[in-house]
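>>> Task: produce atomic coordinates for the following.
(one chain, ligands or ions: 1)
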Amino acid sequence: MLFFTDSHCHLDFSAFDADRTALWEYCNQQGIHRLIIPGIHPEQWQKLPTLSQQYQGIFYAAGLHPWWIADALPLDEQTFKATLAAHYNNDACIAMGECGLDKNIALPLDEQLKIFHWHCQIAEALNAPLMMHCLKFHGELLSVLKHYKVRGVIHAFSGSRELARQYTDKGLLLGVGGVITWARAAKTRDAIHHTPLEFLLLETDAPDMPLAGQQGQRNSPLHIIEVATQLAQLKDISLQAVAEQCERNLDRLFFQKE
Ligand SMILES: [Zn+2]
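Below you'll find the predicted structure:
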């Protein structure tokens, strides 16, 4: 049996309230043995240790997603960082994030940058991996990262071969999800095709980011196997090779806590 991990799935969202337990059991039967829930907001982090305890194989990250920054303000820097550090002490918390920059929201870049710097600072101090979200602010994100010695993943990577290379040159991994199933995402497909498998993680971002042909439907962690299958086709290698290497990449990034 092949094993898979959904490295980015919002299983805590209400879209899964009706069938979370049954869905996770079914995932387990299919070989999907681990899943990481990203942090989006300080109030939401409080629920994540309980979920991780309730379901075997479910881990989480703590962080402030750019879409929820406005809602979380005002924030005290020391309290914010101390809360993140306290979460990272929990065995189930394996990363900081998701955090980053997003051009499609109203919140000014300066505000977004300040919060992203905080995540980088605490991640560097704890040697914790960062789960990053970036939409159309890649140059800005890369220039922040120059100031820190951090590890992490660019979740739901979308962009050119050159951009992928800029991230992997820094040792960062790229999250591969439903985007590669879309024929119109030719640039991203080309970038993933040319990125060594050692730099890739599988993710669904469920309930968002539907796969091609599933528009309007709830995305599910079950689709991680389809993402892996598409990645295998894109790279012209076996599904087994994709599954095994992506598991190793994930272990290296998230499951070697000091
Ligand atoms: Zn997400």
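>>> just how off-centre is stretch 109-125 within its chain?
17 Å (C-alpha atoms, centre = their mean, to the nearest Å).
>>> Walking through the stretch 101-250 of the chain, point out its strands one by one.
Taking DSSP state E, counting those that start in this stretch, the strands of the stretch 101-250 of the chain run over residues 130-135, 152-154, 173-176, 200-202.
>>> Show residues contacting the second one.
So that's strand 152-154. 7, 95, 97, 123, 129-132, 134, 167, 172-175, 201, 253 (C-beta atoms under 8 Å, 6 or more residues apart in numbering). C-beta: built from backbone N, CA, C; applies to glycine.
>>> And the average pLDDT for that strand is what?
In this model, strand 152-154 carries a mean pLDDT of 98.
>>> biggest helix in the protein by residues?
Criterion DSSP state H: the longest helix present in the chain is helix 109-126.
>>> Quick check: of the contacts of strand 152-154, which lies closest to Glu25?
Among these, Ser7 lies closest to Glu25 (C-beta to C-beta), at 20.0 Å.
>>> just to revisit the earlier point, for Leu113, find the nearest of the strands of the stretch 101-250 of the chain.
Leu113 lies closest to strand 130-135 among those, at 12.2 Å (C-beta to C-beta).
>>> contacting residues around Gly97?
With C-beta under 8 Å, 6+ apart, Gly97 has these contacts: Pro38, Gly39, Ala61, Ala62, Gly63, His119, Leu130, Met131, Met132, His133, Gly152, His155.
>>> And the helices in the stretch 151-258 of the chain?
Along the stretch 151-258 of the chain, counting by DSSP state H, counting those that start in this stretch, helices occupy 161-169, 186-194, 224-235, 239-254.
>>> So what's the gap between the third one and the chain middle?
Looking back up the chat, that one is helix 224-235. Mean-position distance between helix 224-235 and its chain equals 17 Å (C-alpha atoms, centre = their mean).
>>> which one of the helices of the stretch 151-258 of the chain lies closest to Asp17?
Proximity to Asp17, assessed across the helices of the stretch 151-258 of the chain by C-beta to C-beta, is greatest for helix 224-235 (20.5 Å).
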